[in-house]
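# Here is my input; please provide its structure:
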Amino acid sequence: MFRRQFLPVARSSNVLSASRNASKLINDKFTLLTYNMLSPSYMWPQVYTYVPDPYKDWQYRHKLLESELLGSYKADIMCLQEMTSRDYNENWKRLLGSGIGYGSKFIAKSPPLYWEREVDEIDGVGIFYNLKKFDFISSSGIYLNQFLNVFSSTELEYLHSKRLVLTDGAGVPIGEKNLLDVISGKNQVCLFVSLKHKETGEMFVVINTHLYWKYDEVKLTQCMIIMRELSKIIDELVKGVDDPGKVKILFTGDLNSTKKSLVINFLKGQILSHGPLNMLNPMRPFINSSIYEEVPENFFVHTCYSGKLKGIFDYIWYDAKELQLTKILTGKEVSDELTDLEQFGLPNKDHPSDHIPVLTEFQILTSKTSKSSRKNVESDDEKFVTKIS
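Predicted structure coming up:
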């Protein structure tokens, strides 16, 4: 097995560690992970034909997930997708809660019409946070198809008039529907958790979501709903804060979108013209960078290795003026490993999901660290490399 590396990210010339510049040394770093765990309900036999039966087994995969999350990584904030309600309530809430002192919030999707399993086997998204580093402030979860009121009447009219060619799992056209009806029928969710960093007093809104897996227009509209709802949450949160700059945003999840997709272009602040509409991300000033803009391109080949569906789909977005990405767990080794083993994709013996966990370390740039007084310094830990199996 190739060992992934937790590598330092080269710091820009104008960034100085807050702990070096402050009169009192503080712990201003935290780790953040986003990870699609691959729900046992979605281990479709027609998709994962390349996976040997022992490695499809949920108990086998669950033990590997526990080893990763509780042992290898144990990030201060964990944003997990495709976690079932049953698994959250019977396992992760306890393992990460009373086990190692983490708080958590979870929201499950509503069961789709085709669902024949137990209701608690439906998946959702969860956010887990280290209570030694963060205080819980508030949380909310939304069902994206129930928040269409964020659109104006003109926008809703456009969504209703926009036609989508529907396809089956193999990409074969099977009919048409208007975009509004398609969005209304999807069951994706989003979770918002507000936290206060104990040492610095800085506040965070952590967002975790898992967008629909196809139709760029659907994913784009879902992302717009999240950003508009986030804008309202931020407005409410800063009402009781002396310094609005203390509120920082971390937007994570499986966006099912490549780096050149409509969704990513929207998050980057591009105005996307669709018919009579110009779609602009209202939160762009607060999440102006993704991790892939800060690291060398060869650090990752894919984050999803699901047979024929491969790509970089898992993201962490943040404000690069407020947070400094200091380390990242590279993913290129997984591609090298699969090539060496002549395997088609994941999961396999050593990887429990068809996605790989994206693990990062951030440094908080607090108001105590005056940006104008930062100097070009070389961090002692820029030579540090940790290998994580």
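# The closest residue to F147 other than its chain neighbours: how many residues sit nearby?
Of all residues beyond its chain neighbours, the one nearest F147 is I225 (5.0 Å), with distances taken as Cβ to Cβ, 6 or more residues apart in numbering. (Glycine included, C-beta is placed from N, CA and C.) Summarising burial for I225: neighbours were counted as other Cβ atoms under 10 Å, giving 24.
# I225 belongs to a helix?
Yes: in this structure, I225 lies within a helix as judged by DSSP: H, G, I helix; E, B strand; the rest coil.
# Run through the residues that contact it.
Listed by Cβ atoms under 8 Å, 6 or more residues apart in numbering, the contact partners of I225 are 142, 144, 147-148, 150, 190.
# Could you rerun that using 6 Å?
Taking Cβ atoms under 6 Å, 6 or more residues apart in numbering as the definition of contact, the neighbours of I225 are 144, 147, 150.
# how close does the last one get to I291?
The one in question is V150. For V150, the distance to I291 equals 27 Å [Cβ to Cβ, to the nearest Å].
# ditto for the first one
L144 sits at a distance of 24 Å from I291 (criterion: Cβ to Cβ).
# K63 too?
Between K63 and I291 the distance, using Cβ to Cβ, works out to 28 Å.
# same deal with T34?
10 Å.
# re earlier: the more surrounded of L144 and I291?
The residue with more neighbours, out of L144 and I291, is L144; 26 against 22, by other Cβ under 10 Å.
# Do I have it right that the more buried one meets Q188?
Yes: between L144 and Q188 there is a contact under Cβ atoms under 6 Å: 4.9 Å.
# ok, which stretches of the stretch 151-300 of the chain are helices?
For the stretch 151-300 of the chain, applying DSSP state H, counting those that start in this stretch gives helices covering 153-161, 179-184, 216-237, 262-267.
# And the next helix or strand past the helix or strand of the chain with the lowest mean pLDDT?
Confidence across the helices and strands of the chain bottoms out at helix 18-21, with a mean of 38, counting by mean pLDDT, DSSP states H and E. Following helix 18-21 in sequence order, the next helix or strand is strand 29-36 (DSSP states H and E).
# Identify the neighbouring strands of that next one in the sheet and state each direction.
strand 77-84 (parallel), strand 358-364 (antiparallel) (DSSP bridges).
# quick one: contacts of the longest one?
The one in question is strand 77-84. With Cβ under 6 Å, 6+ apart as the contact definition, strand 77-84 has outside contacts at 32-39, 121, 123, 125-129, 206, 208, 210, 252, 254.
# let's see it at 7 Å
30, 32-39, 41-42, 69, 92, 120-129, 206, 208, 210, 252-254 (Cβ atoms under 7 Å, 6 or more residues apart in numbering).
# From the residues you listed, list just the buried residues.
Under a neighbour-count criterion of 16 or more other Cβ atoms under 10 Å, the subset of the contacts of strand 77-84 counted as buried comprises 30, 32-39, 69, 92, 121-129, 206, 208, 210, 252-254.
# Just the ones of the residues you listed in strands?
Per DSSP state E, strands hold the following members of those: 30, 32-36, 123-129, 206, 208, 210, 252-254.
# Can you get me the start-to-end distance on stretch 106-115?
Terminal residues of stretch 106-115 are spaced 20 Å apart (Cα to Cα, to the nearest Å).
# Tell me the buried residues in it?
Using 16+ other Cβ under 10 Å as the test for burial, stretch 106-115 gives 106-109.
# Identify whichever of the helices of the stretch 151-300 of the chain lies nearest to D76.
Evaluated with Cβ to Cβ, the helices of the stretch 151-300 of the chain place helix 216-237 nearest to D76, the distance being 20.2 Å.
# how about the closest residue to S273 other than its chain neighbours, what does it touch?
In this structure, S273 finds its nearest non-sequential neighbour in M279, 7.7 Å apart by Cβ to Cβ, 6+ apart. Going by Cβ under 7 Å, 6+ apart, M279 touches 224, 266, 271-272.
# Tabulate those (TSV), appending distance to I328 and pLDDT.
Formatted as TSV, these follow (distance: Cβ to Cβ, whole Å; pLDDT from 0 to 100):
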residue	distance to I328	pLDDT
M224	28	93
F266	24	94
I271	30	76
L272	28	72
